[in-house]
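>>> how would this look folded up:
(2 chains, ligands or ions: 2)
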Amino acid sequence: MKQFSQLINSLEITNKTNAKLDALVNFFETALDKDKLWLIALFTGKRPKRPVKTSLLKQWCIEETGLPEWLFLESYSTVGDLGETLSLLLPEPSNTIDKPLHIYMDELKQLSTKSDDEKKAYVLNAWRHLDTQQRFIFNKLIGGSFRIGVSKKTLVNALSKLTNIDANQLMHSIIGQWDINSISFEDLINGSHINYDNSKPYPFCLAYSLEKNLDELGSVSDWQVEYKWDGIRGQIVKRNNEIYIWSRGEELVTKQFPELVEIVSTIKEDFVLDGEILAVKDQSVLLFNDLQKRLNRKTISKKLLQDVPIGFFAYDILEINDEDLRAKSLQFRRNTLEQLFSDNQLSKPNFKLSEVIQFNKWEELDAIRNEARLHNSEGLMLKQKQSEYHVGRKKGDWWKWKVEPLTIDAVMIYAQKGSGRRSSKYTDYTFAVKTEDGLVTVAKAYSGLTNDEITEISRWVNKNAIEKFGPVRTVKPELVFEIAFEGIAFSKRHKSGVALRFPRIKRWRKDKPVSEIDTIETVKQLITNPLDV
Amino acid sequence: MKFIKFTKKGIYCIPGKFYLDPWYPVDYAIISHGHADHSRWGNKHYLCHQNSKNILLHRLGKDISIETLNFNQIKTVNGVKVSFFPAGHIIGSVQIKLEYKGKVVVFSGDYKTNPDFITTPFEPVKCHEFITESTFGLPIYSWKTEAELQSQLQQWIVNNQKQNKTSVFFGYSLGKAQRIMSLVDGIDEVYVHSAINNLNQAISKSGIVLPKSKLITSDFNKKDIHNKIVILPPALLGSKLLKKIPNAATAICSGWMQIRGNRRWKGVDAGFAVSDHADWNGLLSAVKATEAEKVYVTHGSQAVFSKYLNEIGIESQEVVTEYGTEDNEDAKDQQLTTTS
Ligand SMILES: [Zn+2]
Ligand SMILES: [Zn+2]
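Numbers count the residues shown, from 1 in each chain, chains lettered A, B, ... in the order given. Ligands and ions are numbered 1, 2, ... in the order given. You can find the predicted model right below:
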């Protein structure tokens, strides 16, 4: 466990991808095969069920330390993570015992069926023989919510560096069906349990932000213009009756979107589609916040499937019936795509072609772009009709042209400590604007400030907070911020009557007094969208 | 009889007519230590420990009116007996003991109960009323011994050197920097920023021998620094100077580094929980050792620590002061010495 704990520590401490990669490679070079398998299993969500309730862990820690419960909770709210709080509060071990990760995992698996007394004896014994860092890891393993601060992609890149096996193939291997008790590390990474030829994706073609005047692009008829959607860019791969969905981050996300798999399985042809995965309900695209509810879940409930249905807007086709189309022109690929959709009668609200916007003159496009907000789109994509599907970013053929964000001035009324990372600082803020008789909350935001600003604000919050305990502080309405957002609509769910899309802090307006912030009326005037959200 | 009052300007001794670490200018200030939030500008007269004198002169200017007192000495000010006891916080830091008509009040200033290699170790003082800090007043804070910290830092440096990396530590110019110097002494050459170097010179003037260090200038030779040890004030995180250091591995030394979230917060390669303040058990043992009837809790976790003391039967009250955080202290040190 020492080795595993050191790995987690080095992964956490650095934000340099190379250092993370080195730490992983080093682990894979030196760890026991069983431990390596467990590391991969933990990364890919193949973890055993939580054997002990967190409320019991809390209770045992309170007994073990003799601290009052309120002090335990105060510590917890400062640390922001239960497993870490426990590890810090418990007394130093008198002597330490080092067992490999896989032994702990086996023990934890067996623990599920034991009585509470047996569980307690086991956990207390472990706590008494692990140092703080290892105790933290142990608690996270019990908690069943272990998040390692590294993407699957980085893990796969480390394995690839070690073995020279293609990273996407490794991604397929680790995501695929395998059982920790019946596969060797070598077989797993060699992919003996998968057929990579069926899942292999292509590198995505990416666009730069538009940096010239529209009329410099040449003739309108040379360009295909579509809406730019803010979902998850993805490739759907269907070959030999197998279906795979890859995200742009080169992660396999097939299982997260069962409705897409269902639709795609009705299509005769084999293909690779490039498009956007979006939350689509009643013919309209939902906010990214909604889509987020569907991501990285172990199971997707019926209710969630109904509340946040997933759709796919197809941008491009890269392969059809084994033929690579990437060197063909966009015009040709678009025709092929349209043909595929009409042959299979695919035009459904949640599985359709990305709309090609019709216009005659460049001057018309600015207004169209500004209207994009009405559809929850974040702007336009301009693509040269003769362009091939490039590998990565290439200047000139594809441009993205985003809508300008809207802004308001609002005052901070609550501050909350960040959890885990940044846990000693106030990083999450709630903002309000003026009403006739006071203030009303309009947005929560946690990004957009520098570390120094956050430090300064945290100090201010400590001095000006009304509460003394707990993670959320009500503060005097004094600090004014400019809040930027992508869209705004009327909302019955919000007390203010409006919902902002992607609010974030644009800057801290130290120059503005509270008397000059926006009123709810001026905020409502920004609404052009008649739809309720 | 009550002879201490908490006022807007600071902690005031009524019969003595002087203030302890005041945050607004007063006629007579008794100073616990040289950190900027405890020794501020503009007081007409200063009284501090002899080891703080040159630090104050350096920070506040040569022409201030200043007087010193050693340990084991008593100075009577308007009938109040004033004496100093070691606080173990930084060089020259003291607890201030006041005695008037048989009643004893002790102001801790900032203190640390774990002994280190350069500071006179903390000494508990029995009193009727104790005014304590509470910077790390939560049971999650528990420090390693100096020997353990020494081996942690040493391991990190040696490991960096194996990878051809220069070890760069960030710590406040006054106190933390000298502590780091003492922890890494003897491993390899140590280079310090001018803000630290200036303070080192001031400290040395009082006859204190610090571990050896060299000055890192803005036009330093990369070859000299490579694989060595560098100590910079935290304000230089992300600075040009840091970027110029070849292959730097960075580490922050601060009690806040006890929490994972904080270690990752500044984007450094390592965080070591090296603090100049008492940890939870340190605070508790210090408070208990005073046998005080009443404990006033100032800056840090005053609400939490004072509530806990009351629960365990020690009468306590929280006091809001202007003593700031360490970041504050350093920001000011920085403005003062923006030489390179
Ligand atoms: Zn201090
Ligand atoms: Zn202080």
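>>> So which bits of chain A are right by chain B?
Within chain A, the positions near chain B by C-beta under 8 Å from any C-beta of the partner chain are A:12-15, A:19, A:65, A:67-68, A:70-71, A:74-75, A:78-81, A:84-85, A:88-89, A:92, A:136, A:149, A:418-425, A:451, A:455, A:459, A:468-469. The C-beta positions use only the backbone N, C-alpha and C, and glycine is treated the same way.
>>> Recalculate using a threshold of 7 Å.
Those residues of chain A that sit near chain B, judged by C-beta under 7 Å from any C-beta of the partner chain, are A:12-15, A:67-68, A:71, A:74-75, A:78-80, A:84-85, A:88-89, A:418, A:420-424, A:451, A:455, A:459, A:468-469.
>>> nearest residue to residue A:69 other than its sequence neighbours?
residue A:62 (6.1 Å; C-beta to C-beta, 6 or more residues apart in numbering or on different chains).
>>> Report the secondary structure element holding that neighbour.
Using DSSP states H and E, residue A:62 sits within helix A:54-65.
>>> and if you look at residue B:169?
With DSSP H and E as the criterion, the answer for residue B:169 is strand B:166-170.
>>> For that strand, which helices and strands make contact with it?
Judged by 3 or more C-beta pairs under 7 Å, 6 or more residues apart in numbering or on different chains; DSSP states H and E, strand B:166-170 is in contact with helix B:146-162, strand B:229-232, strand B:248-253.
>>> per-residue confidence at residue B:255?
Note on residue B:255: pLDDT of 93.
>>> List the contacts of it.
B:136, B:141, B:273, B:275, B:277 (C-beta atoms under 7 Å, 6 or more residues apart in numbering or on different chains).
>>> and if you look at residue A:88?
With C-beta under 7 Å, 6+ apart, residue A:88 has these contacts: A:79, A:132, B:140, B:258.
>>> For these, which single residue is the most surrounded?
residue A:79 (27 neighbours; other C-beta atoms under 10 Å in any protein chain shown).
>>> That residue and residue A:89 touch, don't they?
No: when contacts are counted by C-beta atoms under 7 Å, residue A:79 is not listed as touching residue A:89 (9.1 Å).
>>> residues shared between the contacts of the two?
residue B:140.
>>> Can you tell me the closest non-neighbouring residue to residue B:272?
Nearest to residue B:272 is residue B:253, by C-beta to C-beta, 6+ apart, at 4.9 Å.
>>> what's around residue A:220, how many residues?
15.
>>> and it, backbone torsions?
Phi and psi for residue A:220, reported as degrees, to the nearest 10, are phi -60, psi -40.
>>> mind checking the end-to-end distance for stretch B:44-56?
13 Å (C-alpha to C-alpha, to the nearest Å).
>>> Residue A:35: which element?
Taking DSSP H and E as the definition, residue A:35 sits inside helix A:33-43.
>>> Just the buried residues of that helix, please?
A:34, A:35, A:36, A:37, A:38, A:39, A:40, A:41, A:42, A:43 (16 or more other C-beta atoms under 10 Å in any protein chain shown).
>>> Which pLDDT value goes with the last one?
Reading off the confidence values, residue A:43 has pLDDT 82.
>>> Over to the first one?
What the model reports for residue A:34 is a pLDDT of 95.
>>> for the record, mean pLDDT for stretch A:108-127?
Computed over stretch A:108-127, the mean pLDDT rounds to 95.
>>> Over to stretch A:506-525?
Stretch A:506-525 comes out at a mean pLDDT of 90.
>>> For it, C-alpha coordinates in CSV please.
This file holds the C-alpha atoms of stretch A:506-525, laid out as CSV (Å, rounded to 0.1, in the frame of the first residue of the first chain):
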residue,chain,number,x,y,z
LYS,A,506,-15.4,38.0,-15.5
ARG,A,507,-13.6,40.3,-13.1
TRP,A,508,-13.7,41.7,-9.6
ARG,A,509,-15.1,45.3,-9.8
LYS,A,510,-13.2,46.9,-7.0
ASP,A,511,-14.0,50.2,-8.6
LYS,A,512,-17.8,49.7,-8.3
PRO,A,513,-19.9,50.4,-5.2
VAL,A,514,-22.8,48.1,-4.4
SER,A,515,-25.2,51.0,-5.2
GLU,A,516,-24.3,50.6,-8.9
ILE,A,517,-25.0,46.9,-9.4
ASP,A,518,-27.7,45.7,-11.8
THR,A,519,-31.3,45.5,-10.8
ILE,A,520,-33.4,42.4,-11.5
GLU,A,521,-35.3,44.5,-14.1
THR,A,522,-32.2,45.4,-16.1
VAL,A,523,-31.2,41.8,-15.9
LYS,A,524,-34.6,40.7,-17.3
GLN,A,525,-34.2,43.1,-20.2
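>>> For the chain, give me the ranges with low pLDDT.
In the absence of a named chain, this looks at chain A. A:144-145, A:419-424, A:528-533 (pLDDT under 70).
>>> Not quite, go with chain B.
Within chain B, the stretches with pLDDT under 70 are B:1, B:265-266, B:324-340.
>>> all helices for it, in order.
Ranges of helices in chain B, per DSSP state H, are B:50-60, B:146-162, B:176-184, B:194-205, B:222-225, B:240-244, B:260-265, B:280-290, B:302-311, B:326-336.
>>> most packed of those helices?
Ranked by mean neighbour count, these are led by helix B:176-184 with a mean of 25 (mean count of other C-beta atoms under 10 Å in any protein chain shown).
>>> does the nearest residue to residue A:177 once chain neighbours are set aside count as helix, strand or coil?
Leaving aside its chain neighbours, residue A:177 sits nearest to residue A:193 (6.5 Å; criterion: C-beta to C-beta, 6+ apart). Of the three states, residue A:193 takes coil under DSSP: H, G, I helix; E, B strand; the rest coil.
>>> just to revisit the earlier point, following the chain past the helix holding residue A:62, name the next helix or strand.
Helix A:54-65 is succeeded, C-terminally, by helix A:69-79 (DSSP H and E).
>>> and that following helix, what does it pack onto?
helix A:54-65, helix A:82-89, helix B:302-311.
>>> got the angle between whichever helix or strand comes after the shortest one and helix A:33-43?
Beyond helix A:82-89 in the direction of the C-terminus, DSSP H and E gives the next helix or strand as helix A:101-111. Regarding helix A:101-111 and helix A:33-43, their directions subtend 60 degrees when assessed with axes from the mean of the first three to the mean of the last three C-alpha atoms, to 10 degrees.
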